[in-house]
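[1] below: sequence and its predicted model.
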Amino acid sequence: MNDLPPDLPRLRTLETWLTVSLDRVRQQIEAAEQREREQRTGEDRRPPVPDWVLELGIGVGAPPAEVHVGGCYAAGGRRRAITREQALAALTDGVRACVHCRPDTELGLL
């Protein structure tokens, strides 16, 4: 059973429609590949997550607010990366440990 039209004008119309449709699909594929390339590039260029984070207090000279494990979702926007030794020192000096990521447990203080 042949489901294509028998005459040349309708076959040419169908060919044109299929060509336009294929071009649109190829454009969508290219756009999706571009988005994936950009996402991979962004991930490759992103700096590594620090092991420990110190959340800073508000205002000049304010004491630090909390110590976090690197990548903690609860760490505020005012933060800086610190070393393991600095995290231990901050916790032993009375800086609060985050209740979500528990850096004191990770560092073996509890």
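    Structure received.

[2] any idea how this protein splits into domains?
    Split into domains by automatic domain parsing, the chain comes to 1-46, 52-106.

[3] ranking these by burial, who's on top?
    Here the criterion is mean neighbour count by mean count of other C-beta atoms under 10 Å, and of these the winner is domain 52-106, at a mean of 16. Just so you know, the C-beta spots here come from the backbone N, C-alpha and C atoms, and that holds for glycine as well.

[4] check the offset of that domain from the chain's centre.
    Remark: domain 52-106 is offset 22 Å from the chain centroid, using C-alpha atoms, centre = their mean, to the nearest Å.

[5] what residues are up against V25?
    For V25, no residue meets the contact criterion (C-beta atoms under 8 Å, 6 or more residues apart in numbering).

[6] make CSV from the domains of the chain and add mean pLDDT to it.
    Putting these into CSV (pLDDT from 0 to 100) gives the following:
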stretch, mean pLDDT
domain 1-46, 95
domain 52-106, 94
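
[7] show the backbone phi and psi for the residue positioned nearest the centre of the chain.
    Of all residues in the chain, the one closest to the mean position by C-alpha atoms, centre = their mean is E43, 7.0 Å from it. Main-chain torsions, E43, degrees, to the nearest 10: phi -70, psi -40.

[8] how about E55?
    According to degrees, to the nearest 10, E55 has phi -80, psi 120.

[9] what bridges to it?
    Assessed by DSSP bridges, E55 has beta-bridge partners E66, R79.

[10] that one touches R79, doesn't it?
    Yes - contact criterion C-beta atoms under 8 Å: E55 and R79 qualify, at 4.9 Å.

[11] list residues touching both of these two?
    H68.

[12] still on that earlier bit, and the residue nearest to the centre of the chain, how far from D51?
    19 Å (C-beta to C-beta, to the nearest Å).
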